[in-house]
Structure formats: C-alpha cells, structure tokens
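> Compute the structure for the input listed below.
(2 chains)
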Amino acid sequence: MTALAEPSWTRQRDDRAARLARAAALPGVRGKAVDADAVVALLEALLQPGDRVCQEGDNQKQADFLARALTQVAPARVHDLHMVQSVLSLPEHLDVFELGIASRLDFSFSGPQAARLAQLLGAGKLRIGAIHTYLELFGRYFVDLTPKVSLIAAQMADRQGNLYTGPNTEDTPAIVEATAFKSGLVVAQVDRVVDKLPRVDIPSDWVDFVVQAPEPAFIEPLFTRDPAQISEIQVLMAMMAIKGIYAEYGVQSLNHGIGFDTAAIELLLPTYGERLGLKGRICRHWALNPHPALIPAIEAGWVESVHSFGSELGMEEYVRARPDVFFTGPDGSLRSNRAFCQAAGHYACDLFIGSTLQMDMQGNSSTATLGRISGFGGAPNMGADARGRRHASAAWLKAGRESREGVPGVRGTPRGQKLVVQMVETFREHMQPAFVETLDAWKLAEQAGLDLPPIMIYGDDVTHVLTEEGIANLLLCRNDEEREHAIRGVAGFTPAGQKRDRAMVERLRARGVIRRPADLGIDPRDATRNLLAARTMRDLVRASGGLYQPPRRFRNW
Amino acid sequence: MAGMESLSFTFDGGRALAPFAPTLVGVVASGNLEVLVEHAAGTGCRIDIDTSARGFGGIWEAVLRDFHARHRAAGLSVAIHDMGATPAVVSLRLDQAMAAVRGATP
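Numbering: from 1, shown residues only, chains lettered A, B, ... in the order given. As a prediction, this is how the structure comes out:
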C-alpha cells in the first residue's frame, strides 16, 4: 500500500523558484539586471506553455520592447499563452497569436488593432474569453485571471530594481500587485537605469527582472485636441451642455470623454461659463487625464482638483507647476493610476459626458462597427449609474428625484442617480447617421459569436442625449414610447429622427423633456469659434505661460 | 459649376417681414455654406440652393421645411451656396441669418 503524498500548499511558489533558477543560469542575467540581448532567452526560460501572461499595453504607455521580444520566442517551447491585457495597441500584441505563441485573449480595448483582431478571430487564430471594462479586467487579475508572468514598462529603475513609472503610471500598480503577490514573475523594461530614482512607484521586491530598452517606451498622446478643429456646431452643443445640464444640476465632479465635443466644453468654461456666473458652482473636481484643453479653465481658477488615469505628452511641466490641482509625487511629477481613477470616475463623479458612433431608439449606444472588435476601455464604468454609491450631492439627488417622481413600489425608492450624457451630432462624417433603428453591435455579435451585442453604454443608464437639435432628458420619460420619441425628437434629419411623432415631440417639449437651444435662451449667433478660450494650439501654450510643450505633430507655427 | 446640384423650394404662410437690408452669414468652404437672405415682395419664402453634395434633395426639403416652421417668416428670398455642410450646420446658419435679420435674440 502506497502512502498518500503529502499535500503541497506551495506549488506556485516552488514553480516560481524553479523558473527563477532557470533564468539565473542564463548569460546576460546578473541578479535582477538583464542585458537587452538576453531578453528573448529570459522569456523562454520563464514562460511555459499555457501560462497566463500580462503585457503592459495601456491606453498610452506600451511595454513595446518586451512585446517585440515575446514575438521572438520559439513557438515550439512557448505556445498557447493566455494573454490578459487591458489594451491591444501594437501590431506585436496580435503577432503572438499569428505566430502560434499565444492562443487565448482577455482584454478591454483594441482601438487601433480592432480590424485585425476581428480577422484573426475569424481565421481561428485565437479565442476571446471576454471583452471587459478596465476595472472589470483588473478585478479579474485578482480572482480568476491572475498573471503568471507580467511584462511591464517604467521610465527608470535603480540598481536594486525599484521602479519610477513617472507621469504615465497608468496600469502598472494593478498589474504588479496581482502578479507579485501570487507567486508570479514581473519583468520590467525601463528607459534608463540610475543610481537614485526621483521617487519609488514600484518597490524592488515586487520586481524580478529589469532590462534597459534600447529605445524609450512608446507613449501615445491620445488626449490632445487641437482647438483649431472645433466646429461651431460643437460650440453650440457645448453651450447647451453647460447651460442645460451642468448649470441645471450644479455638477461639481465629472469625467469627460476624449472627443472634440467635450474639448469644446472645457474651452467654453472661462468664457461662456463665466458669463453665466457659473464659476465655483460647477466643474470643480475632475477625473480626467491632463487635457491640454483644460488649461484655460485651470488658469481662470475654475478647477480645484484633477485626478488622472494616465498622463498626456507635453503636459509634464505644466502639471509640475500646478500641484494644488494635480496629484503629484514628492519629486513634483504627476502620479496617475488607472485603477484608482476608474474607481473615482465611477463612484465619486456626478456626471459623465462622452460621444458614440451609434445610438438606437432605446438609447443603447456603441462604437462597435462591423468588422472591428474594439472593446470600450473605461467608458462602460464611467457611463453607468454607480449602484453602490451612497454619498449624496445636489446633482445626484436631483437626477434621482427626476427619474423616480411618481414611480410606485421598489423602483420608486428614493436614491440618487449618476448623470450620463451622450453628446452626438446627428450625422457623422460622410453623412453617416448617428441615430439608427438597430445598432451594428447586433450583427457583430452574430459574426463574432459573442454572447451579447457589444453595447458601450446601456440605454437605461443614459440620462441625457445632447445633439445640435437639443437635449432629451430621459430621466423624465415615464415609458418606452416617451423615451423613443424623446430620442427621435433630437435625432435631427436622420431617418430615425424623421420618423418622430411630431405631436408627441411637442408634448415632450412642453414638459421640458426635450429642450431646444431657443428653449434654453441660447442665441445661435453666439455659437462661433470666438467663444473658445483658446482657438489654436499656440493659444493653449500661451495660456499655460509656456509650460505646456505640445508634441511636434501638434506644433503648426 | 460642374458637379453642382441646384435645388429650389417655396414655402407659403407665415408673417411677412418688414423690409430689411440683405444679410450674409457663413462662408463657402468645405463642410460649410454661405446663406444670403434678402427681402422679397409677396408672402412666400423662396429658397435656392447650389450644393456640391448631390443626391440629398430629400434632406434639404426636410431641413428647410423645419426652418420655415420654426421661423414662420414670409416675404423673403434665401440663396444658399453649400459645400457639403451637415444639416446641423445648415440649420445653425439659417438660424444665425434670421437672428441677424430680426436683430434680436430669439
């Protein structure tokens, strides 16, 4: 009779030790320091088939050197990896599937790679577990998608392996925490190795290997909007947002999307907002990356605080000079953190406003279009009522009252509600209608075999639809028919808009469910670019006192 | 001009405007349009359009019908030079022109 084997409770730790021992034997690996040309061998020593691997692909910062190295491992040794990463941004992020190194994927956003991802899925090169929001994916890192190996990016390391992630900290703390504390392995690429770091963002005993990359990690300036490209329609819509929603509800804390529509709002605060006497009454606290378009409002004293998901290229010195507004370290530079800022945007903000490509007549919206699997990043968390929120504010209470007035039973239980505003021009470029009877998302779900249509923001979370034709306040709608015609009533001359019941739309207007610019006392002659606090990139630089240094491609003077 | 489409619409009803000086708003540029509003004898509202975007007659009619319903103005003639403006821009320009004609805030 054989004795039962002693149960082991340290298999993960033992496995980690074995992998570390394999790595330690490699030439070019001295303790935590790894030579750049030894990285492929290091990855082959650390990785085993089927491993769950997180590559730091953020919204902005990319562990690009490590991503390239991962495409060079031998597929005979390393295959069937399960990639868990928030953003698929670089071609290398998909090359690993094409090369047979990885076969499974769980992610949040694939913007620039969305079309190729759809092709690879169609060709059977990978299986998608799920498309998540950022917070949701980070959550699963700590539950059932914990990485075995994480490949991350930092600006600097010291000789002990402490890391300085600098302004673009982004996802790094969430990834490292999940990996390092569950017997995983963390490999960091850094731009430079120095004797003393400006500050420690990640302590060295959470980091196993550090390699200095030949080139600094790629960072994309995603949030820079040239004011020269803001249209008069966007100015008109921004006026409506400020007067018809921000002022109406007294919105104090908010998150903006990244489009030109919301950049126009930021640039109208010190002009139009000032004229309406709203300074200090709205827009004091922000969950927002350091948008250059916010500079004039900050300089005019509108903004008390900004916490950021990531940073923005060119804003480093400006942020450093405004520590009362931004979250900065003892070294003076920005500390961003995507997980915390997503939590802040979800639970601590009264309002989210953003744009979409399509909205249906129930108010469901999606940026998914045929042939592209893009995901939505943080938008679903920003653009959803926080059902767990318990602290009150005037804006939150008013929205809650409007949607529950006269509603009996459990659905009428008094509570607040987040303001979720979809700001869309009725026609996009090339006369593509933004309002449709059926979202492309349904067909995409069928094509890609998804469990559900990829809806970015659900109609029952949307409180206001804002177009050039007016504002539809969906909180005041009492049934699906009213909601449908409130949306059609601001859908302009799109086919969906022309199918409106005109009598019902006029009744909704009389009740204030629909409000036109004229109903808000907005003079169309004011809707000119002269109302923008900055009309060019150069104006933004000037407003910052020369502290903002736009990337070269935005410098046109 | 080659490639341009000309459209013309007439709407009846509404209040005749007192005579006013010709009013021009907007510019002829890509995605934009120029609107010239002039006083005209009679009780009609005549709108002539030259547009670079062919095949949108149905939407023009809806946009202009809506404009006429919004302002209920008669005794005027409107000339539009369009370079592919969206309906949003067309409506904004028309409203800006009428605000200037009336010389008052709405």
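> buried stuff in the host helix or strand of A:Ala118?
Counting by DSSP states H and E, the element that carries A:Ala118 is helix A:114-122. Neighbour counts over helix A:114-122 (16 or more other Cβ atoms under 10 Å in any protein chain shown) mark A:Ala114, A:Arg116, A:Leu117, A:Ala118, A:Leu120, A:Leu121 as buried. Just so you know, the C-beta spots here come from the backbone N, C-alpha and C atoms, and that holds for glycine as well.
> helices or strands next to it in the packing?
helix A:92-98, helix A:440-448 (3 or more Cβ pairs under 8 Å, 6 or more residues apart in numbering or on different chains; DSSP states H and E).
> Could you give the separation of that helix from the chain centroid?
The chain centroid and the centroid of helix A:114-122 are separated by 21 Å, computed with Cα atoms, centre = their mean, to the nearest Å.
> Just the mean pLDDT for stretch A:221-238, thanks.
Average pLDDT, stretch A:221-238: 95.
> Ends of it, what's the gap?
Stretch A:221-238 has an end-to-end distance of 23 Å (Cα to Cα, to the nearest Å).
> List the buried residues of it.
A:221, A:223-227, A:230-238.
> now do stretch A:94-101
Under 16+ other Cβ under 10 Å, the buried positions of stretch A:94-101 are A:Leu94, A:Asp95, A:Val96, A:Phe97, A:Glu98, A:Leu99, A:Ile101.
> In three-state terms, label B:Ala18 for me.
coil (DSSP: H, G, I helix; E, B strand; the rest coil).
> picking that back up, lowest average pLDDT across the helices and strands packed on helix A:114-122?
helix A:440-448 (a mean of 89).
> That one - contacts with which helices or strands?
Under the contact criterion of 3+ Cβ pairs under 8 Å, 6+ apart, helix A:440-448 touches helix A:114-122.
> Extract the C-alpha trace of the next helix or strand along the chain from the helix it packs on and format it as PDB.
Where DSSP H and E defines the elements, the next helix or strand beyond helix A:114-122 is strand A:127-131. In PDB, the C-alpha atoms belonging to strand A:127-131 read as follows (Å, rounded to 0.1, in the frame of the first residue of the first chain):
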ATOM      1  CA  ARG A 127     -10.200  32.500 -28.700                       C
ATOM      2  CA  ILE A 128     -11.500  35.500 -26.800                       C
ATOM      3  CA  GLY A 129     -12.500  34.900 -23.200                       C
ATOM      4  CA  ALA A 130     -14.300  38.200 -22.800                       C
ATOM      5  CA  ILE A 131     -14.100  41.900 -23.500                       C
END
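> tilt between strand A:127-131 and helix A:114-122?
With axes from the mean of the first three to the mean of the last three Cα atoms, to 10 degrees applied, the angle from strand A:127-131 to helix A:114-122 works out at 130 degrees.
> ok, back up a step: need the contact partners of the helix holding A:Ala118.
Identification of contacts with helix A:114-122 by Cβ atoms under 8 Å, 6 or more residues apart in numbering or on different chains yields A:88, A:91, A:94, A:97-98, A:110, A:126, A:128, A:371-375, A:447-448.
> So which of these is the closest to A:Val420?
Nearest to A:Val420 among these: A:Gly375, at 18.9 Å, using Cβ to Cβ.
> Distance of the closest one relative to A:Val78?
Distance, A:Gly375 to A:Val78, using Cβ to Cβ, to the nearest Å: 26 Å.
> Looking at those two, which one has more neighbours?
In this view A:Gly375 and A:Val78 are compared by other Cβ atoms under 10 Å in any protein chain shown, and A:Gly375 has more residues nearby, 28 against 23.
> How about the contacts made by the more buried one?
With contact taken as Cβ under 8 Å, 6+ apart, A:Gly375 is in contact with A:Phe107, A:Ser108, A:Phe109, A:Ser110, A:Ala114, A:Ile131, A:His132, A:Pro454.
> what do you get if the cut-off is 6 Å, keeping everything else the same?
Residues in contact with A:Gly375, defined by Cβ atoms under 6 Å, 6 or more residues apart in numbering or on different chains, are A:Ser108, A:Phe109, A:Ser110, A:Ile131.
> Kindly check the end-to-end length of stretch A:417-431 for me.
First residue to last in stretch A:417-431 (Cα to Cα) measures 34 Å.
> What residues does the residue nearest to B:Pro87 when sequence neighbours are not counted make contact with?
Among residues not flanking B:Pro87 along the chain, A:Phe493 sits closest, at 4.4 Å (Cβ to Cβ, 6 or more residues apart in numbering or on different chains). Counting by Cβ under 6 Å, 6+ apart, A:Phe493 touches B:Ile59, B:Ala62, B:Val63, B:Pro87.
> Show only the entries of those residues found in helices.
B:Ile59, B:Ala62, B:Val63, B:Pro87 (DSSP state H).
> what's the most distant pair in the contacts of A:Phe493?
B:Ala62 and B:Pro87 (8.0 Å).
> Looking at the two, which is more packed in?
Neighbours per residue (other Cβ under 10 Å) separate B:Ala62 from B:Pro87, with B:Pro87 holding more: 23 against 16.
> helices and strands of chain B: which one bottoms out on pLDDT?
strand B:15-16 (a mean of 88; mean pLDDT, DSSP states H and E).
> Parallel or antiparallel, which strands does it pair with?
Take DSSP bridges as the rule and strand B:15-16 pairs in its sheet with strand B:73-74 (parallel).
> in stretch A:203-218, what counts as buried?
A:Ser204, A:Trp206, A:Val207, A:Asp208, A:Phe209, A:Val210, A:Val211, A:Gln212, A:Ala213, A:Ala217.
> can you list the residues of chain B near chain A?
B:59, B:62-63, B:86-89, B:92, B:95-96, B:99, B:105-106 (Cβ under 6 Å from any Cβ of the partner chain).
> among those residues, who's most crowded?
Highest count within the residues of chain B next to chain A by other Cβ under 10 Å belongs to B:Leu92, 27 neighbours.
> Help me confirm that that residue is found in a helix?
Yes: counting by three-state DSSP, one finds B:Leu92 located in a helix.
> Measure how buried the closest residue to it other than its chain neighbours is and give me the count.
Excluding its sequence neighbours, the residue lying closest to B:Leu92 (Cβ to Cβ, 6+ apart) is A:Pro524, at 5.8 Å. By the measure other Cβ under 10 Å, the count of residues near A:Pro524 is 24.
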